[in-house]
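Participant: Have a look; sequence and predicted model below, questions after that.
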Amino acid sequence: MDGVPESHTGWTFVTNHARVLAAIADNPSTRIRDIAAHCRLTERAVQKIIADLEQDGYLSHVRAGRTNTYRIDPGKVLRHPAEAGLTVASLLSLLVQDEADRTPLPLPDSRRPTRA
């Protein structure tokens, strides 16, 4: 993982589920491999998190060939009682970078735009 900082040890403010959701919000067609690198997780951990999010209705996907495109339900309410009434959209508004400042997750080579 060239250019990816070392994994973080110790506690953090944001859960891995929130990080994966934010990575998908940044690029709904991103690959699990790229999410894993971005979030400093294993691909297997990302697969499990995506399965959790899909099972509870926070996320769905459409498969086109070998590519998944994810859809987040922004109106879904967060699970923990301490966040009662807060939606996924409100969480993502804190985690996802402003469009002007965003550095999107890389596209796989097959989907990179070609230069003219």
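Facilitator: Sure thing, it's come through. Numbers count the residues shown, from 1 in each chain.

Participant: hey, where'd the strands end up in the chain?
Facilitator: 59-64, 67-72 (DSSP state E).

Participant: JSON lines please, covering those strands and showing mean pLDDT and mean neighbour count.
Facilitator: Every residue, glycine included, has its C-beta placed from N, CA and C. Formatted as JSON lines, those follow (pLDDT from 0 to 100; neighbours: other CB atoms under 10 Å):
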{"stretch": "strand 59-64", "mean pLDDT": "95", "mean neighbour count": "13"}
{"stretch": "strand 67-72", "mean pLDDT": "96", "mean neighbour count": "16"}
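
Participant: is it possible to export those to TSV including distance to Arg31?
Facilitator: Conversion of the strands of the chain to TSV gives the following (distance: least, CB to CB, whole Å):
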stretch	distance to Arg31
strand 59-64	12
strand 67-72	8
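
Participant: Which of those sits closest to Val88?
Facilitator: Between Val88 and those, the shortest separation by CB to CB is 6.2 Å, and it involves strand 67-72.
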